[in-house]
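Trainee: next come a sequence and a model predicted from it.
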Amino acid sequence: MASVTLSEAEKVYIVHGVQEDLRVDGRGCEDYRCVEVETDVVSNTSGSARVKLGHTDILVGVKAEMGTPKLEKPNEGYLEFFVDCSASATPEFEGRGGDDLGTEIANTLYRIFNNKSSVDLKTLCISPREHCWVLYVDVLLLECGGNLFDAISIAVKAALFNTR
Amino acid sequence: MAMEMRLPVARKPLSERLGRDTKKHLVVPGDTITTDTGFMRGHGTYMGEEKLIASVAGSVERVNKLICVKALKTRYIGEVGDIVVGRITEVQQKRWKVETNSRLDSVLLLSSMNLPGGELRRRSAEDELAMRGFLQEGDLISAEVQAVFSDGAVSLHTRSLKYGKDVDLSCPARTRHGFAPSSTHLLTYPEAHISQLGQGVLVQVSPSLVKRQKTHFHDLPCGASVILGNNGFIWIYPTPEHKEEEAGGFIANLEPVSLADREVISRLRNCIISLVTQRMMLYDTSILYCYEASLPHQIKDILKPEIMEEIVMETRQRLLEQEG
């Protein structure tokens, strides 16, 4: 979303509204916008999902490949995240502008999916210390309309669910 | 903190929902409209090889012998006398550049602006330096289109309606710039007009959805006022208690707006957005009916697709009943 300049009065109106738990569109401070989830959108991946949250549009593709387990976790497979903030998402992402945000989101995703309750990594193991599945998760930001972290985490979860 | 998920397959296309019986004659640029040469050609058409061909994508409208094509999606094209709501993007030497969703930025000349101290004051060098004190980048204004330049750029002016007369005739600066006085008869307007806009909400819609009416400033009975700019910018604001014009309204009122007023404004905003997604014309009656149809629902629920459909269906029914 390209940034829009607002007049002082508009800013004051919005801030006062938020203080009273009423946003401009009538939602409370903790209410979400409408979410649309679609899985199996990209045909040449093992799993994919597309999530639309208001103006935010995220596309996730998951590819499964064989690899060797990490030394400290020989019984588990692992996930690799890559977040691409495309320049068409918002003018700020032109050139190399989106890289910082991309690495920040990728690091957050590593932390989120590092525990057992989100993804059971033991199921990704084929033979201990020798072979395991590696899931390469690619996230593409088609349009940036706010609340990226929530939308991306929903999309990744949906894509992993869709992975066969 | 509940979230609702939806599937895109559940989204119904617009034409299904409308269930129109009358098919509109839709054309794309290059389509032949008619080979009959008896028609006069209007906007959006051109004559080529003895045929009338469309130059924009839209629906064909025919009034007696005049054929024109009304574009479905277009930027705002200025007409003299339109009311527009614009945002200041630049402050230049003797004028402001205003963004009005048109192909070129509109201009607001310093001489076309109401300044404190009376209508007929000559604009001095101090006024030029103090321009940023009147209007800054990001400020919203409501203005009237005074003239349209040959390249399509629009020149604005902010009217003063307190005296109920056309300011053009009295201001000498206007003729200096070569603009002919727009009219010789008195134009009376019943309500006061604010030039710089204070607290409120801006909604941006397509200019083709705003119906042309006698007046674009409405004080809705539900408790808020709305300015329907012809350029598609709609400004919703709390109705001011007392109507007075202090020095052109440069000092914006920054006191907190009451929660009841806020809810009315948010509801109106959501109603306007639902009317726009269903491609209905926007005017005071349609907005009011939509507002009343939405009262049983919570404000944030109006944004859900099913409820949006329901409300607009009810509004459409009421409007048809009112006409018939």
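Mentor: On my side now, so go ahead. Keep in mind that this is a model prediction, so the values were computed, not measured. Numbers count the residues shown, from 1 in each chain, chains lettered A, B, ... in the order given.
Trainee: please count neighbours and contacts with C-alpha atoms only from this point.
Mentor: Noted.
Trainee: contacting residues for A:Thr103?
Mentor: Applying C-alpha atoms under 8 Å, 6 or more residues apart in numbering or on different chains, we find A:Thr103 in contact with A:82-83.
Trainee: doesn't it belong to a strand?
Mentor: No - applying DSSP: H, G, I helix; E, B strand; the rest coil, one finds A:Thr103 to be helix, outside a strand.
Trainee: for B:Ile311, give its distance to chain A.
Mentor: Per C-alpha to the nearest C-alpha, to the nearest Å, B:Ile311 is found 16 Å from chain A.
Trainee: need the strands for the stretch 101-250 of chain B, in chain order.
Mentor: For the stretch 101-250 of chain B, applying DSSP state E, counting those that start in this stretch gives strands covering B:106-109, B:140-148, B:154-157, B:201-204, B:217-219, B:224-228, B:233-238.
Trainee: could these be laid out in JSON lines, adding mean pLDDT, mean neighbour count and distance to B:Asp261?
Mentor: Shown next, in JSON lines, are the strands of the stretch 101-250 of chain B (pLDDT from 0 to 100; neighbours: other C-alpha atoms under 10 Å in any protein chain shown; distance: least, C-alpha to C-alpha, whole Å):
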{"stretch": "strand B:106-109", "mean pLDDT": "88", "mean neighbour count": "22", "distance to B:Asp261": "31"}
{"stretch": "strand B:140-148", "mean pLDDT": "88", "mean neighbour count": "22", "distance to B:Asp261": "20"}
{"stretch": "strand B:154-157", "mean pLDDT": "87", "mean neighbour count": "25", "distance to B:Asp261": "30"}
{"stretch": "strand B:201-204", "mean pLDDT": "90", "mean neighbour count": "18", "distance to B:Asp261": "12"}
{"stretch": "strand B:217-219", "mean pLDDT": "88", "mean neighbour count": "18", "distance to B:Asp261": "13"}
{"stretch": "strand B:224-228", "mean pLDDT": "90", "mean neighbour count": "23", "distance to B:Asp261": "7"}
{"stretch": "strand B:233-238", "mean pLDDT": "90", "mean neighbour count": "23", "distance to B:Asp261": "6"}
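Trainee: take the ones you listed and write them to JSON lines, including distance to chain A.
Mentor: Formatted as JSON lines, the strands of the stretch 101-250 of chain B follow (distance: least, C-alpha to the nearest C-alpha, whole Å):
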{"stretch": "strand B:106-109", "distance to chain A": "17"}
{"stretch": "strand B:140-148", "distance to chain A": "7"}
{"stretch": "strand B:154-157", "distance to chain A": "19"}
{"stretch": "strand B:201-204", "distance to chain A": "7"}
{"stretch": "strand B:217-219", "distance to chain A": "19"}
{"stretch": "strand B:224-228", "distance to chain A": "14"}
{"stretch": "strand B:233-238", "distance to chain A": "10"}
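Trainee: which one of the ones you listed lies closest to B:Tyr291?
Mentor: strand B:224-228 (11.4 Å; C-alpha to C-alpha).
Trainee: now the angle between strand B:140-148 and that closest one, please.
Mentor: Taking axes from the mean of the first three to the mean of the last three C-alpha atoms, to 10 degrees, strand B:224-228 and strand B:140-148 form an angle of 30 degrees between their directions.
Trainee: any idea of the angle strand B:224-228 forms with strand B:233-238?
Mentor: Inter-element angle recorded for strand B:224-228 and strand B:233-238: 170 degrees (by the same axes, to 10 degrees).
Trainee: got the CA coordinates for strand B:224-228 in PDB?
Mentor: The C-alpha trace of strand B:224-228 is given here as PDB (Å, rounded to 0.1, in the frame of the first residue of the first chain):
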ATOM      1  CA  ALA B 224     -23.700  13.100   9.900                       C
ATOM      2  CA  SER B 225     -23.100  15.200   6.800                       C
ATOM      3  CA  VAL B 226     -21.600  14.100   3.600                       C
ATOM      4  CA  ILE B 227     -20.000  15.800   0.600                       C
ATOM      5  CA  LEU B 228     -20.300  13.800  -2.600                       C
END
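Trainee: B:Phe149 touches B:Ser155, doesn't it?
Mentor: Yes - counting by C-alpha atoms under 8 Å, B:Ser155 is a contact partner of B:Phe149 at 7.4 Å.
Trainee: how much space between the residue nearest to B:Asn253 when sequence neighbours are not counted and B:Ser142?
Mentor: Nearest in space to B:Asn253, with sequence neighbours left out and distances taken as C-alpha to C-alpha, 6 or more residues apart in numbering or on different chains, is B:Gly198 at 6.2 Å. The spacing between B:Gly198 and B:Ser142, counted by C-alpha to C-alpha, to the nearest Å, is 11 Å.
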